[in-house]
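S.K.: here is a sequence with its predicted model. Questions after.
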Amino acid sequence: MAKIQLKSVSKAYGNNKKVIEDMNLEIQDGSFTVLVGPSGCGKSTTLRIIAGLEEVSSGEIWIGDRLVNDVAPGKRGISMVFQNYALYPTMSVRGNIEFGLENMKIPKAERKKMVEEIAEVVDLTEYLDKKPQNLSGGQRQRVALARAMVKKPDVFIFDEPLSNLDAKLRGQMRTELIQLHKRLGTTFIYVTHDQVEAMSMGDEIVILDKGHIMQQAAPMEVYHNPANQFVANFIGTPSMNVLPKSMVEGKTGMITDERISYIGFRPEHADMQMEKLDTSGINLSCEIITMETLGSETLYLVNSDAGQFQVKSFHAPLIDTKKVHVTIPMDKLYYFDTQGNRVFVEEIPFQTPVREARGEVLV
Amino acid sequence: MKTSLPLKVLNVVGLIIMVAIFAMPFIWMISTSLKTLGETMVFPPKWIPDELIWENFVSAWNSGPFLQYFINSVLVSVGILIFQFITVIPAAYAFARYEFRFKNMLFSLVMVTMMIPAQLIFLPVFLNLSDWGLLDTLWGLILPFATSAFGIFMLRQTFKQVPEELLEAARLDNSTDFKIMMKIMVPMAKPTLITLGLFNFITHWNDYFWPLVMTTSEKARTLPVGIAQLRQVDGGVAWNILMAGNVILVIPILIIFFFAQRHIIRAFTYTGVK
């Protein structure tokens, strides 16, 4: 078990094309940390740097109390599960699991015992002598897991391991991985581009964009308290609605805080009604453009004076309605500056008292 | 698939002609090897001899130290095979998977050697081997072919197709490069290696030119040279004995074809590592 630290790590390819720039990252011992971000954000590179498959251009990598910059991948106490499993095709399942142990010079009898134990754990005992190409996707995934687990590493690394599985199996493997983490208590680092996976699996999420860390926090913290517009957009389905302040200002009142230039709110915090309601908040009259019924909830795309945005409602779908009224409570608003950074305010930053503003709308 | 009758007939006729073109010399060789000397001269030629003269094989075998030739042939062909695998596999691995200075230049150099005809370099090689005192020895027949540019080229292509992830997984499994090469790359390149091995074996088993110029005595001669000498038996050419010798020459290759047929066909239609 080990904590991992990246200290001002940079990675550039060829002509100074920087993939990661001055990254400082600390991954707690025993945590399930998910690196998430759009493609090209540097999450896989970060992972590969930790694994030692990629050399850093500058900076330090610490695993536990060991500086591992010059330590070979096989000697870092890391096991990795690859996206395409990377099973050795010419070896049997047993050979695949055993290969790493063999290289660790573990005696044969002991190896055999370890392989059989781990096969038991991942439920592969009857497949031990099969070749990977004769296994299903889920079974291959389990072989990859077994191969990683059998070495009893300090750190597990997962590079989008579930993206090749179908939706049902993916859900199942997700739960299995969470359970595995609980059981082993080892540090897990997990890379994915799927924010749902990130939210549901991690106890810590690191959101990356263009080689920079956007935010590192627990899933609910990231969701309720995004550090910037990027995180607000990236986490949550559908993503946060962000409207320019000028579009919202008119009816609700002028914004006093000069730092603010965008206002955001979650689709599920917008309250949709047929009639104008006497509640406080931003009131907008809207027109429904599209509707997606998802069973327990309904997603609407609506058009208003303030622009288009999405609303998530847990009420019965409004099938024949076109015109609706949307209210967003003041305390559910997020504010961002021109750079997209979060602006934290002490009190509601609208000039006109909310009550008067509403009165104006009602006239 | 449905084909019209005339097209089918045309197809079959075409195939028969092709088979005839390729098989005829071969059938003639076997037929001649079983004739009397007189019968080989008959016109029009007979396909099936009146009497099968099996003794021709005994005469051919006994007309020189054929056992020695045979052993030499085996040693040379197998020796070349072993040496080539020892040199070609690491070279191909390095060219496919390592970054080092002058890599492209060195690889081009290897490729250039493929384009120089053997007849051009045989004299310098000959002189070289003569300096080392290797003329008329089996080493002189093996060493010039101890590596193969074509082999390096072909194996490099195969190695390049192995997904990088596999090598990374192996590295994380604390594997040495040598072990990656032998336990992961080589097993995956098996079809290519079999192809190379077969081509190699057949080429060097049948090679006539090099053993002819390199050897002056029976102790290092190989079968093709020995058989060519059958022409000089008794002044005139004893075609029946000569053909019997040729049959002896091709039998080992036929046996290999027989057992490795599946691999050979796959080798030719082989497209890549999955």
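M.R.: That came in fine, so what should we check first? Numbers count the residues shown, from 1 in each chain, chains lettered A, B, ... in the order given.
S.K.: and stretch A:7-20, anywhere near chain B?
M.R.: No. Counting by C-beta under 8 Å from any C-beta of the partner chain, chain B has no neighbours in stretch A:7-20; the shortest distance is 12.6 Å. C-beta coordinates here come from the backbone N, C-alpha and C atoms, glycine included.
S.K.: endpoints of that stretch, how far apart?
M.R.: 12 Å (C-alpha to C-alpha, to the nearest Å).
S.K.: could you find the closest non-adjacent residue to the closest residue to chain A within chain B?
M.R.: For chain B, the nearest residue to chain A under the criterion C-beta to the nearest C-beta is B:Asn174, separated by 2.8 Å. Leaving aside its sequence neighbours, B:Asn174 sits nearest to A:Gly74 (C-beta to C-beta, 6 or more residues apart in numbering or on different chains; 2.8 Å).
S.K.: doesn't B:Asp177 make contact with the one you found?
M.R.: No. If you go by C-beta atoms under 8 Å, A:Gly74 and B:Asp177 don't touch, sitting 11.4 Å apart.
S.K.: who has more neighbours, those two?
M.R.: Between A:Gly74 and B:Asp177, counting by other C-beta atoms under 10 Å in any protein chain shown, A:Gly74 is the more crowded of the two (19 against 16).
S.K.: how about the contacts made by that one?
M.R.: Contact partners of A:Gly74, counting by C-beta atoms under 8 Å, 6 or more residues apart in numbering or on different chains, are A:Gly100, A:Asn103, B:Arg171, B:Leu172, B:Asp173, B:Asn174, B:Ser175.
S.K.: wait, the fourth one sits on A:Lys75?
M.R.: This means B:Leu172. No. Under the criterion of C-beta under 8 Å, B:Leu172 makes no contact with A:Lys75, lying 9.9 Å away.
S.K.: those two - which one has more neighbours?
M.R.: Neighbour tally, B:Leu172 and A:Lys75, criterion other C-beta under 10 Å: the higher count belongs to B:Leu172, 27 against 13.
S.K.: give me the contact list for stretch B:178-188.
M.R.: Contacts of stretch B:178-188 with the rest of the structure, by C-beta under 8 Å, 6+ apart, involve A:88-91, A:99, A:103, B:89-90, B:93, B:158-159, B:162, B:166-167, B:170-171, B:175, B:193, B:273.
S.K.: which members of the residues you listed are classed as buried?
M.R.: Neighbour-count burial (16 or more other C-beta atoms under 10 Å in any protein chain shown) is assigned, among those, to A:88-91, A:99, A:103, B:89, B:93, B:158-159, B:162, B:166-167, B:170-171, B:175, B:193, B:273.
S.K.: mark which of those are part of helices, please.
M.R.: When the buried ones among the contacts of stretch B:178-188 are checked against helices using DSSP state H, the ones located there are A:Phe99, A:Asn103, B:Ile89, B:Tyr93, B:Thr158, B:Phe159, B:Leu166, B:Leu167, B:Ala170, B:Arg171, B:Leu193.
S.K.: show me which helix or strand of chain A is least confident by mean pLDDT.
M.R.: In chain A, no helix or strand scores lower on mean pLDDT, DSSP states H and E than helix A:354-362, which sits at a mean of 46.
S.K.: low-confidence stretches in the stretch 151-300 of chain A?
M.R.: For the stretch 151-300 of chain A, residues meeting the criterion pLDDT under 70 lie at A:250-252, A:278-279.
S.K.: what about 80?
M.R.: Across the stretch 151-300 of chain A, the ranges flagged by pLDDT under 80 are A:247-257, A:275-280.
S.K.: show me what from it comes close to chain B.
M.R.: Along the stretch 151-300 of chain A, the residues adjacent to chain B under the rule C-beta under 8 Å from any C-beta are A:Lys151.
S.K.: any chance you could map the strands in the stretch 151-300 of chain A?
M.R.: Listed from the start of the chain, the stretch 151-300 of chain A has strands (DSSP state E, counting those that start in this stretch) covering A:155-159, A:187-192, A:204-209, A:212-217, A:241-244, A:262-265, A:271-273, A:282-293, A:298-304.
S.K.: can I get these in TSV with distance to A:Pro107?
M.R.: Below are those laid out as TSV (distance: least, C-beta to C-beta, whole Å):
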stretch	distance to A:Pro107
strand A:155-159	25
strand A:187-192	28
strand A:204-209	38
strand A:212-217	42
strand A:241-244	61
strand A:262-265	60
strand A:271-273	67
strand A:282-293	60
strand A:298-304	59
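S.K.: need these in CSV with mean neighbour count, can you?
M.R.: What follows is those, written out as CSV (neighbours: other C-beta atoms under 10 Å in any protein chain shown):
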stretch, mean neighbour count
strand A:155-159, 24
strand A:187-192, 25
strand A:204-209, 24
strand A:212-217, 19
strand A:241-244, 18
strand A:262-265, 23
strand A:271-273, 17
strand A:282-293, 17
strand A:298-304, 19
